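>>> What shape does this take:
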Amino acid sequence: MMRFVIVSISRYTPAMVLMFFIISAFSCMGKPGSSAANNVQNQAGQPPAVVIEEVQPRTISIPSEFVARTIADQTVEIRARIEGILIEASFEEGKLVTKDQILFRINPALYEANLQNAKAQLAKACADLKLAQNQVSIKAAESQIKQTEASLLKADQDVARVEPLVRDEAVPQQDLDSAIAKQKVSQADLEAARANRENVELSQRVSIEQAQAAVESGKAAVAKAELDLSYTTIKSPIDGIIGRQQVSVGNLVGRGEPTLLATVSTTDPMRVDFSISEADYLMLMKKREEIANKQEPIRLELVLADGSIYPHKGTVVMFERGLDPTTATIPIGASFSNPDGLLRPGLFARVRVEVRKIENALLVPQRAVIEMQGAKTVMVAGPDNLAAVRTIVLGDRFEKYFVVQEGLQAGDRVIVEGQQKARPGKPVTPAAPVAEERK
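Alright, predicted model coming up:
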């Protein structure tokens, strides 16, 4: 109710009058209604609602992550192997190319002329060889041998005929001497003819071998000219992605060095290199032995730079032969399928591999853990729904959970939402998390 006080203000200052009216106004304000006070009391009397999750043992595999980098299985530098003017580049930079696709052309005019000249030289060498093989010198030498043999035979007959006549003194001694002299001359002529035939045969063999060598040289010259001509058309040696064009059309390439024109790298599959510690290597080998009976390789996940998981699994294809003493790690090569070309050489990523399995692991949601003065704690709801604080020791991370090493037991109900409303020793109203929250 309003209270009115009538006083005389003539003897008060304006400031005193103002203060009087303010006090009067506050005195006129009533106390809060009994209904509002009762509402607050009712809210304080109800236990706060919290979301709980029961701790149950699970068998989990703990993954390890390693810094990795993508590397093309094959990277080929496309270079000009001959000298000439670049007249064509028929590809799009940064696009996929196929094996044997034409990438560049060098002016072929000079090399076409060289090929024709080499073919002409080969034809001449073949003709010389045929001539050497058909020489008649050896036939003439054999004919001369036959003539000298005939002369020697006649000389022998003359000596045989004259000798009895000389003994009978029917002819003079001079006739016998002449016959014997002709016999010796014929013998000498026969030896000379035989020597000449050997010389002719040797000369013919040399001529044939020289002609054959000229033919082989001509064939080599033709092959080289054809090879040089083929180098004027430059094709992709592999399927892959091609980089920037290093030389523009119209420039001279290949003078003094094999000019780099572009680089092609394979993209599917993509190799991923990473290194692991000695301890991780030993655990990986144990896991490899465990799945050996299943005839399945170790499956790897690739975490990209934006945190997304690459959709295709990878497999280990190479272990380095030994430990790198500078880093105390073992380099490993993995292979990932890359049908869409998402992976490019040189990307940084993380390889994730499950190297440890934990039996009957107790998991607590990460959002339920509270850090207080360096200690990790959670709030639990006991059998009587009284809140309590538990100090825990955490282990590895697993998805959205921590592995609890100490402080919790199977069946404990951990408060995962509403911890700020719960008070130790005070009751709470528990509710189970929705299905999405459990995932």
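
>>> any idea how far residue 74 is from residue 92?
Per Cβ to Cβ, to the nearest Å, residue 92 is found 20 Å from residue 74. In short, each C-beta sits where N, CA and C put it, glycine included.

>>> which one of the two has more residues nearby?
Set residue 92 next to residue 74 and count neighbours by other Cβ atoms under 10 Å: residue 74 wins out with 13 against 10.

>>> isn't the more buried one right next to residue 240, touching?
Yes. At 7.1 Å, residue 74 counts as touching residue 240 under the criterion of Cβ atoms under 8 Å.

>>> can you list residues touching both of those two?
Common contact partners of residue 74 and residue 240 (Cβ atoms under 8 Å, 6 or more residues apart in numbering): 265, 266.

>>> Tell me who's in contact with residue 341.
By Cβ under 8 Å, 6+ apart, the contact list for residue 341 reads 96, 241, 267, 268.

>>> Repeat the analysis, applying 6 Å as the threshold.
Shown in contact with residue 341 (Cβ atoms under 6 Å, 6 or more residues apart in numbering): residue 267.

>>> Tell me the secondary structure at it.
coil (DSSP: H, G, I helix; E, B strand; the rest coil).

>>> where does it fall, phi/psi-wise?
phi 70, psi 20 (degrees, to the nearest 10).

>>> Residue 349 bridge partners, please.
residue 68 (DSSP bridges).

>>> how many other residues sit next to it?
A count of nearby residues for residue 349, using other Cβ under 10 Å, gives 22.

>>> What is the three-state secondary structure of residue 420?
Per three-state DSSP, residue 420 ends up coil.

>>> State the number of residues packed around it.
Residue 420, neighbours per other Cβ under 10 Å, totals 10.

>>> got it, and residue 283?
19.

>>> Am I right that it sits in a helix?
Yes. The assignment for residue 283 by three-state DSSP puts it in a helix.

>>> From residue 356, how far out is it?
For residue 283 relative to residue 356 (Cβ to Cβ), the value is 6 Å.

>>> The helix ranked longest in the chain: what's the following helix or strand?
Looking across the chain with DSSP state H, the single longest helix is helix 173-230. Toward the C-terminus, helix 173-230 is succeeded by strand 233-235 as the next helix or strand (DSSP states H and E).

>>> That next one pairs with which strands, parallel or anti?
Going by DSSP bridges, the partners of strand 233-235 are strand 102-106 (antiparallel).

>>> For residue 100, which residues are in contact?
Contacts of residue 100 by Cβ under 6 Å, 6+ apart are residue 235.

>>> Does it fall in a helix, a strand, or a coil region?
coil.

>>> in the sheet, who's paired with the residue lying closest to residue 265 once chain neighbours are set aside?
Excluding the flanking residues, the one nearest residue 265 by Cβ to Cβ, 6 or more residues apart in numbering is residue 72, at 3.6 Å. Judged by DSSP bridges, the bridge partners of residue 72 are residue 270.

>>> re the thing from before, pull the distance from the longest helix of the chain to the chain's centre.
On the basis of Cα atoms, centre = their mean, to the nearest Å, helix 173-230 sits 63 Å off its chain's mean C-alpha point.

>>> Give me the angle between it and strand 102-106.
Between helix 173-230 and strand 102-106, the angle comes out at 120 degrees (axes from the mean of the first three to the mean of the last three Cα atoms, to 10 degrees).

>>> count of residues packed around the nearest residue to residue 215 once chain neighbours are set aside?
Leaving aside its sequence neighbours, residue 215 sits nearest to residue 125 (Cβ to Cβ, 6+ apart; 4.4 Å). Per other Cβ under 10 Å, the neighbour tally for residue 125 reads 21.

>>> my read is residue 125 is in a helix, agree?
Yes. Under three-state DSSP, residue 125 falls within a helix.

>>> mind checking how far it is from residue 148?
37 Å.

>>> Likewise for residue 262?
For residue 262 relative to residue 148 (Cβ to Cβ), the value is 76 Å.

>>> Sketch out the strands for the stretch 301-439 of the chain, chain order is fine.
314-319, 329-336, 348-365, 370-372, 375-381, 387-398, 401-406, 413-417, 429-431 (DSSP state E, counting those that start in this stretch).

>>> Tell me which of these sits nearest to residue 307.
Residue 307 lies closest to strand 348-365 among these, at 9.4 Å (Cβ to Cβ).

>>> circling back: the residue nearest to residue 215 contacts residue 218, correct?
Yes. Using Cβ atoms under 6 Å as the test, residue 125 is close enough to residue 218 to be in contact (4.3 Å).

>>> Now do the contacts for the residue lying closest to residue 371 once chain neighbours are set aside.
Spatial nearest neighbour of residue 371, excluding adjacent residues (Cβ to Cβ, 6+ apart): residue 377 at 7.6 Å. Each residue near residue 377 by Cβ under 6 Å, 6+ apart is listed here: 370, 389, 391.
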